[in-house]
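> A predicted structure for the sequence below; I have some questions about it.
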Amino acid sequence: MTHTVSIEDADVRYACAPQESLLSGLHRLGLRGIPVGCRGGGCGVCKVEITGGEFSTRVMSRDHVSDDDLAHRRLLACRVYPSSDLSLKVIGKLQKKVCTPAADRPLP
Amino acid sequence: MALTGVLRPGHVQVRVLDLEESVRFYRDVLGLVETGRDAQGRVYFKCWDERDHNSYVIREADRAGLDFFGFRVLDKATLDKFDADLRAYGIATERIPAGEMLETGERVRFTLPSGHVMELFADKTKVGNGIPLVNPAPWCKARDHGIAPIRFDHALLYGPNVAEVQKIFTEVLGFYLVERVLTPDGNANAAIWLSCGQKVHDIAFAEYPEPGKLHHCSFLMESWDQVLRAGDIMSMNAVPVDIGPTRHGVTRGCTIYAWDPSGNRFETFMGGHLPYPDYETMTWTFDNFGQGLDYPQRKLHETFLTVVS
């Protein structure tokens, strides 16, 4: 059975099975809404705040998820698995940091 | 002998979030040869055609990324000379005793202004590649297990102070600058590709505000067919692929970027041109960075600039 995941602010709702991560469920459907990076809990670009619902997690890099983040359910979407319908906000910033401040750099 | 000083990238130690999941990935999907485990719990690998005991070491930790990158130098006298030269240049060095890593001699460790921990060593036990030294066959059975790259080739590292890093490699360690990408204003280098021999690169750096970041570790494949086969094996095993298969403009290497189970990017790579130390550096302007990264698609992929571990 799948659960419905709602991305607040983006007006995106999608079905996600308990054995697939919030990120892979979104990505598999070809939908956008959460930035996609390494998909292994290491890079931090898919950070979200779970605002409602139940879930389980797998290990993720503490470079990107502090104790305070854990306490406030600010987690990496590639390592969160839904066990009920769930809502979230995207908080990871896909910052353009290479070479120069983002303001000075032409966009790819 | 023409090739002296620093010979090649010799080992790298990478942090993983789940050791056994990572061992299965590196051994059975990437197809590295597991050569040992130590009392710290580190797991040692080599590529099938490498002769030294290890080249890729993983350690379980609570964050992904690079612990250190080590170069093999010619001999003990060379190691001592580089140690003295680094200190004379103003870089603090530290000696790590022989045996701290399995089958590895004394290491000279120092930290670059980019925040990356580098090492030099002269000794690592030769365990061979499974092929006899007399009347050797061109390959052995290990070549067909998983992706099975032939060697650990290079790494691209992200951090600050790339200009100072370039000076250390070219003025102290004997490297030369093969290619570079300019910053948008054209007054500095955004990324540099450095060689210590005739490989198109042995290590590369890109300017980035956060120190000590890993962009990717690269593994050499024998042919374009083998790179495409690597892509097949990645998909069979649901390995997240970042870019490719495609060809870089920079280096002319043919490539796939993908991620290990902890979000450390790796590359399966072949080809590239063969520079000599007297060749002029090739330069890419920033507005051509897209072709430099992905020549056919001419695309500066967002993840290339932003996703590191």
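The structure has been received and is ready for your questions. Here the structure is a predicted model, which is why all the values come from computation and not from measurement.

> What are the phi and psi values at the most centrally placed residue in chain A?
Geometric centre of chain A, nearest residue: residue A:77, 2.9 Å, by C-alpha atoms, centre = their mean. Geometry field for residue A:77 lists phi and psi as phi -60, psi -20, criterion degrees, to the nearest 10.

> ok, now which ones touch it?
The contact partners of residue A:77, by C-beta atoms under 8 Å, 6 or more residues apart in numbering or on different chains, come to A:21, A:22, A:23, A:26, A:34, A:46, A:47, A:48, A:88. In short, each C-beta sits where N, CA and C put it, glycine included.

> in what helix or strand does the third one lie?
Residue A:23 is part of helix A:22-28 when elements are defined by DSSP states H and E.

> and the residue of chain B nearest chain A?
residue B:263 (2.0 Å; C-beta to the nearest C-beta).

> ok, and the closest non-adjacent residue to that residue?
Once flanking residues are discounted, residue B:263 sits nearest to residue A:42: 2.0 Å by C-beta to C-beta, 6 or more residues apart in numbering or on different chains.

> Model confidence score at residue 50, please.
All of this refers to chain A. If you check residue A:50, the pLDDT there is 97.

> Oops, wrong one, chain B.
In this model, residue B:50 carries a pLDDT of 98.

> just residue B:77 next, same as before
Residue B:77 carries a pLDDT value of 98.

> Secondary structure element holding it?
Short version, using DSSP H and E: residue B:77 is in helix B:76-89.

> so how far is that helix off the chain centroid?
For helix B:76-89, the separation from the chain centroid amounts to 22 Å (computed by C-alpha atoms, centre = their mean, to the nearest Å).

> quick one: the helices in chain B?
Using DSSP state H, the helices found in chain B span residues B:19-24, B:76-89, B:162-167, B:224-236, B:289-293, B:302-306.

> Throw the ones you listed into JSON lines and include mean neighbour count and distance to residue A:1, thanks.
Formatted as JSON lines, the helices of chain B follow (neighbours: other C-beta atoms under 10 Å in any protein chain shown; distance: least, C-beta to C-beta, whole Å):
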{"stretch": "helix B:19-24", "mean neighbour count": "16", "distance to residue A:1": "26"}
{"stretch": "helix B:76-89", "mean neighbour count": "15", "distance to residue A:1": "61"}
{"stretch": "helix B:162-167", "mean neighbour count": "17", "distance to residue A:1": "51"}
{"stretch": "helix B:224-236", "mean neighbour count": "16", "distance to residue A:1": "27"}
{"stretch": "helix B:289-293", "mean neighbour count": "22", "distance to residue A:1": "42"}
{"stretch": "helix B:302-306", "mean neighbour count": "20", "distance to residue A:1": "33"}
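
> In terms of secondary structure, what does the helix or strand following the helix holding residue A:23 contact?
Note on helix A:22-28: by DSSP H and E, the next helix or strand toward the C-terminus is strand A:47-52. When contacts are defined as 3 or more C-beta pairs under 8 Å, 6 or more residues apart in numbering or on different chains; DSSP states H and E, strand A:47-52 packs onto strand A:74-76, strand A:86-90.

> tell me the pLDDT at the residue of chain A found nearest chain B?
Nearest residue of chain A to chain B (C-beta to the nearest C-beta) works out as residue A:42 at 2.0 Å. Looking at residue A:42, its pLDDT is 96.

> Now do the same contact list for the closest residue in space to residue B:10 that isn't next to it in sequence.
Nearest non-adjacent residue to residue B:10, counting by C-beta to C-beta, 6+ apart: residue B:72, 3.5 Å away. Going by C-beta under 8 Å, 6+ apart, residue B:72 touches B:6, B:7, B:8, B:9, B:10, B:52, B:120, B:121, B:122, B:124.

> Any chance of JSON lines for those residues, columns neighbour count and distance to residue A:67?
Putting the contacts of residue B:72 into JSON lines (neighbours: other C-beta atoms under 10 Å in any protein chain shown; distance: C-beta to C-beta, whole Å) gives the following:
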{"residue": "B:6", "neighbour count": "23", "distance to residue A:67": "42"}
{"residue": "B:7", "neighbour count": "17", "distance to residue A:67": "44"}
{"residue": "B:8", "neighbour count": "19", "distance to residue A:67": "42"}
{"residue": "B:9", "neighbour count": "23", "distance to residue A:67": "36"}
{"residue": "B:10", "neighbour count": "23", "distance to residue A:67": "37"}
{"residue": "B:52", "neighbour count": "23", "distance to residue A:67": "41"}
{"residue": "B:120", "neighbour count": "23", "distance to residue A:67": "38"}
{"residue": "B:121", "neighbour count": "22", "distance to residue A:67": "38"}
{"residue": "B:122", "neighbour count": "21", "distance to residue A:67": "43"}
{"residue": "B:124", "neighbour count": "23", "distance to residue A:67": "39"}
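
> can you list these in JSON lines and add distance to residue B:295?
Putting these into JSON lines (distance: C-beta to C-beta, whole Å) gives the following:
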{"residue": "B:6", "distance to residue B:295": "29"}
{"residue": "B:7", "distance to residue B:295": "30"}
{"residue": "B:8", "distance to residue B:295": "26"}
{"residue": "B:9", "distance to residue B:295": "24"}
{"residue": "B:10", "distance to residue B:295": "30"}
{"residue": "B:52", "distance to residue B:295": "33"}
{"residue": "B:120", "distance to residue B:295": "34"}
{"residue": "B:121", "distance to residue B:295": "36"}
{"residue": "B:122", "distance to residue B:295": "38"}
{"residue": "B:124", "distance to residue B:295": "36"}
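
> Of those, which is the nearest to residue B:109?
residue B:120 (8.2 Å; C-beta to C-beta).
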